[in-house]
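Peer 1: Sequence first, then the predicted structure:
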Amino acid sequence: MNETGTMTLETAATDVLQEAQQDLASGIEHAFSSSFPEHDCRLETIGQPLPDFVRGTYYLNGPARFGAGEFSWRHWLDGDGMVSALRFEKEMIRVRSRYVRSRKFQEEQNAGRPLFRTFGTAFPGSQLNRAHNGLESPVNVSVYPFEGRLLAFGEQGLPWELDPETLETRGQFTFGGRLNDASPFSAHPKFDAETGEMFNFGIFFSAQTPRLYFYCLQNGEMRYRKSVPLEYPCSVHDFSISSNYAIFYLSPYLLDINGLLKEGKTVMESLRWEPERGSRLLVLDRKTGEPIISLPVGNRHCLHLINSFEQGERLIVDVVEYDEPLYGYYQPIPDLFSNVSQGGPVRLVIDLQSREIIERIALDYLKAPDFPATDPRRAMHSYDELWMLGISTTGRPGRKFFDQLVHARWDQHSVGDIYQCPPMRYLGGEPVFIGEPGSGNGVVICQEFDAAARKSSFLVFEAARVAPGPVTRIPLDDLLYLGFHAGFRFG
Ligand SMILES: [Fe+2]
């Protein structure tokens with residue numbers, strides 16, 4: 001301000017510049033290295049001993065190779081997937097981490113240079129997949145145990161099978177030849193442990209006849225494969241199931257497939273956000289895959305759903321909504337989330353008779369949370385608690401990253417249990433709830449990335465009370481890539 005109290009133009013311009021240049025994620029560039037080492041070693045714990053019920057394997061997948069030679073990828077979804085297994089035994093914790101030796105990984109390794117176009121990076125001559133209908137998958141989003149196997153998934157592509165113990169890559173998994181490279185297949189299959197069913201979907205991004213393929217597999221067979229017409233060819237990442245329904249939140253984030261297939265563009269360059277078209281909630285009958293309800297649901301974007309369940313004639317669908325899509329804020333590496341929009345968990349209550357949304361309950365946490373997780377035993381059932389990662393500096397310009405573990409309850413609209421990381425420490429990996437048998441208690445595990453010390457740890461929190469910080473820390477000697485999705489297999 002000058003003596004008259006008026007801000008000079010020069011000062012204002014400097015302030016704007018400084019505002020634009022805020023670094024709210026100091027050191028986060030170390031999370032996007034050309035490569036991360038593979039691990040196979042024992043780990044020790046610091047703090048409280050782990051409860052006896054934590055016996056089994058925590059699996060995590062995420063992008064872990066962001067460059068080759070002089071070349072660097074631009075987008076968080078571009079990196080080649082690495083899967084980690086944290087094995088909890090009575091006397092020992094062991095970590096293994098290995099790259100998925102996907103076709104993309106192997107062919108680029110052999111060539112000594114990038115060959116394939118990725119979600120956010122193209123270069124002259126960059127190739128698509130063998131079916132020429134999309135990207136060659138970097139297999140970097142999620143990992144799920146399935147019928148004694150371990151399957152690693154990327155965005156829209158067939159999974160790759162890994163040895164559940166050694167994490168050696170066994171090969172692309174085609175479900176006994178029932179699916180192939182031309183089959184769109186998401187990274188978020190859903191499993192019903194009682195029926196043994198596995199559901200998944202994929203989008204056929206035709207401009208003229210966009211469709212959603214919906215798959216139901218059971219006992220090694222394809223029980224059905226449905227083709228559901230879509231209003232527009234939209235990007236869909238996740239869905240949800242309840243006892244009788246499959247629920248999709250379709251946001252108007254349109255993919256121009258010709259840009260990708262014919263014009264050499266990336267997926268990112270081919271996506272357009274057209275909120276004026278409105279979003280829709282699509283409900284399919286789980287028994288048949290037939291669509292039964294399609295409802296307007298505002299004009300926001302949903303990346304992940306949290307859980308769905310039925311109560312009499314009501315269907316409750318819990319989602320995380322944002323003002324606009326997140327993918328544009330996964331770039332340019334390493335400056336992520338610079339102007340990320342607000343967002344937060346929302347509960348939608350649908351009357352199945354009148355086919356209307358009769359209630360909309362928003363939690364008061366809007367700091368662009370993602371990777372929502374619940375007690376897996378409450379999947380498809382009424383539940384109250386969820387955990388997710390949040391970005392404390394949402395709303396301020398400048399790169400930023402997840403630095404809060406948020407524990408929320410639907411019965412308390414305000415969120416009162418939040419763990420805040422110290423400066424230069426960040427969180428990664430979907431928080432995983434591990435429940436004590438016979439009780440609602442449990443622990444939550446997620447990753448910590450210490451950019452100052454250049455070391456990663458796994459953090460274990462009391463699920464009911466995360467704000468005081470982790471009760472147990474499991475440190476590594478070096479940095480582990482920041483993961484996307486994770487899960488736990490008992491035994
Ligand atoms: Fe996801």
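Peer 2: It's in.

Peer 1: Low-confidence bits of the stretch 351-491 of the chain, can you list those?
Peer 2: Of all residues in the stretch 351-491 of the chain, none has pLDDT under 70.

Peer 1: wait, the chain
Peer 2: Along the chain, segments meeting pLDDT under 70 span 1-21.

Peer 1: ok, S183 - contacts?
Peer 2: 158, 202, 213 (Cβ atoms under 8 Å, 6 or more residues apart in numbering). In this view, the C-beta of every residue, glycine as well, is placed from N, C-alpha and C.

Peer 1: I'd like the residues you listed written out as CSV, with distance to D364 and secondary structure added.
Peer 2: As requested, these are exported to CSV (distance: Cβ to Cβ, whole Å; DSSP: H, G, I helix; E, B strand; the rest coil):
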residue, distance to D364, secondary structure
L158, 40, coil
G202, 35, strand
Y213, 37, strand
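
Peer 1: Report the buried residues of stretch 310-321.
Peer 2: For stretch 310-321, a neighbour-count test (16 or more other Cβ atoms under 10 Å) marks 310, 315-321 as buried.

Peer 1: can you pull out the helices in the stretch 201-350 of the chain?
Peer 2: Remark: helices assigned in the stretch 201-350 of the chain by DSSP state H, counting those that start in this stretch are 257-261, 267-270.

Peer 1: Who are the packing partners of the shortest one?
Peer 2: For helix 267-270, the helices and strands in contact under the criterion 3 or more Cβ pairs under 8 Å, 6 or more residues apart in numbering; DSSP states H and E are helix 257-261.

Peer 1: Summarise which helices and strands the helix it packs on is packed against.
Peer 2: Other elements packing on helix 257-261 under the criterion 3+ Cβ pairs under 8 Å, 6+ apart are helix 267-270.

Peer 1: outside of the helix it packs on, which residues touch it?
Peer 2: 75, 119-120, 122, 135, 255-257, 259-260, 327-328, 331.

Peer 1: Would you mark the buried spots in that helix?
Peer 2: Within helix 267-270, the residues that count as buried by 16+ other Cβ under 10 Å are 267-268, 270.

Peer 1: Compile those into TSV and extend it with columns for distance to G154.
Peer 2: Output for the buried residues of helix 267-270, formatted as TSV (distance: Cβ to Cβ, whole Å):
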residue	distance to G154
V267	12
M268	15
S270	17
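
Peer 1: Show the end-to-end separation of stretch 48-60, please.
Peer 2: 23 Å (Cα to Cα, to the nearest Å).

Peer 1: er, stretch 132-149 I mean
Peer 2: 28 Å.

Peer 1: Over to stretch 419-439?
Peer 2: OK, stretch 419-439 end separation, Cα to Cα: 24 Å.

Peer 1: Now it: buried residues?
Peer 2: For stretch 419-439, by 16+ other Cβ under 10 Å, it's 419, 421, 424-435.

Peer 1: picking that back up, the helices of the stretch 201-350 of the chain: which one's closest to A452?
Peer 2: A452 lies closest to helix 267-270 among those, at 30.9 Å (Cβ to Cβ).

Peer 1: how far does the closest one sit from the chain's center?
Peer 2: 19 Å (Cα atoms, centre = their mean, to the nearest Å).

Peer 1: can you dump the C-alpha coordinates of that helix into PDB?
Peer 2: C-alpha atoms of helix 267-270 as PDB (Å, rounded to 0.1, in the frame of the first residue of the first chain):
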ATOM      1  CA  VAL A 267      -6.500 -38.900 -24.000                       C
ATOM      2  CA  MET A 268      -6.100 -35.700 -22.000                       C
ATOM      3  CA  GLU A 269      -6.200 -33.500 -25.200                       C
ATOM      4  CA  SER A 270      -9.200 -35.400 -26.400                       C
END
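
Peer 1: quick one, strands of the stretch 101-250 of the chain?
Peer 2: Counting by DSSP state E, counting those that start in this stretch, the stretch 101-250 of the chain has strands at residues 142-146, 149-153, 160-162, 169-172, 190-192, 197-204, 211-218, 221-229, 240-241, 245-250.

Peer 1: I'd like the distance from the longest one to the chain centre, please.
Peer 2: In terms of Cα atoms, centre = their mean, the centre of strand 221-229 is set 24 Å apart from its chain centre.

Peer 1: out of the helices of the stretch 201-350 of the chain, which comes closest to G67?
Peer 2: Nearest to G67, of the helices of the stretch 201-350 of the chain and by Cβ to Cβ, is helix 267-270 at 17.8 Å.

Peer 1: mind listing the strands for the stretch 251-400 of the chain?
Peer 2: Using DSSP E, counting those that start in this stretch, strands in the stretch 251-400 of the chain cover 253-255, 271-273, 280-285, 291-296, 301-311, 314-322, 343-351, 356-362, 370-373, 385-390.

Peer 1: can you list contacts of the first one?
Peer 2: I take that to be strand 253-255. 203, 205, 232-235, 267, 270-274, 277, 301, 325, 327.
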